[in-house]
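> Model the following, please.
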Amino acid sequence: MRHFSIKEAQALIPDLEEIFSNVLRIREQAAAKARIIRKLDAEDSPENVPQMAIERAQLQFLSNSMNGWLKKVVDLGGLPKGLDPVMVDFPYLMDNKEVYLCWKMGDKEIRHRHAASENCSSRSPIPES
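So this is what the prediction gives:
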């Protein structure tokens with residue numbers, strides 16, 4: 001597994017912002033499709049069958065598209081950790097121990113980390129060197 005420096009992880013922030021801007025936009029579109037599908041399903045009308053098939057195909061397309069964007073994060077070496085809030089981890093060595101640098105959408109710098117055994121909710125500031 002690749003370990004990042006803080007500077008290397010910070011250099012990816014503009015890419016992460018673009019990626020997650022697209023992911024969140026697609027997620028909203030997918031949520032709208034899901035609402036339409038639920039409405040059509042609740043109506044339980046034979047006339048809705050063709051429209052349901054179209055809506056489901058479009059939802060699958062959006063899901064695949066979102067997964068494609070998230071794969072870009074993985075290809076960069078990051079580990080997506082969630083969308084509410086958007087968080088990404090980067091493997092990092094600190095005092096010869098593996099920890100994760102933790103980026104949260106809106107952060108302009110990497111300033112937090114957490115132990116490999118913890119999750120982003122337990123992140124803490126990176127100690128000053």
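
> Beyond the longest helix out of those in the chain, next helix or strand please.
In the chain, taking DSSP state H as the definition, the longest helix is helix 13-43. Next along the chain after helix 13-43, taking DSSP states H and E as the criterion, comes helix 49-76.

> buried sites along that following helix?
Of the residues in helix 49-76, Glu55, Gln58, Leu59, Leu62, Ser65, Met66, Trp69, Leu70, Lys72, Val73, Leu76 count as buried by neighbour count, 16 or more other C-beta atoms under 10 Å. Any C-beta I mention is one placed from the backbone N, CA and C, and that applies to glycine too.

> Stretch 106-120 too?
Asp107, Ile110, Arg111, His112, Arg113, His114, Cys120.

> What of stretch 94-103?
Across stretch 94-103, burial judged by 16+ other C-beta under 10 Å covers Met94, Val99, Tyr100, Leu101, Cys102, Trp103.

> For Arg38, state which of the buried residues of helix 49-76 is nearest.
Nearest to Arg38 among the buried residues of helix 49-76 is Glu55, at 9.9 Å by C-beta to C-beta.

> That's all I had, so thanks and see you.
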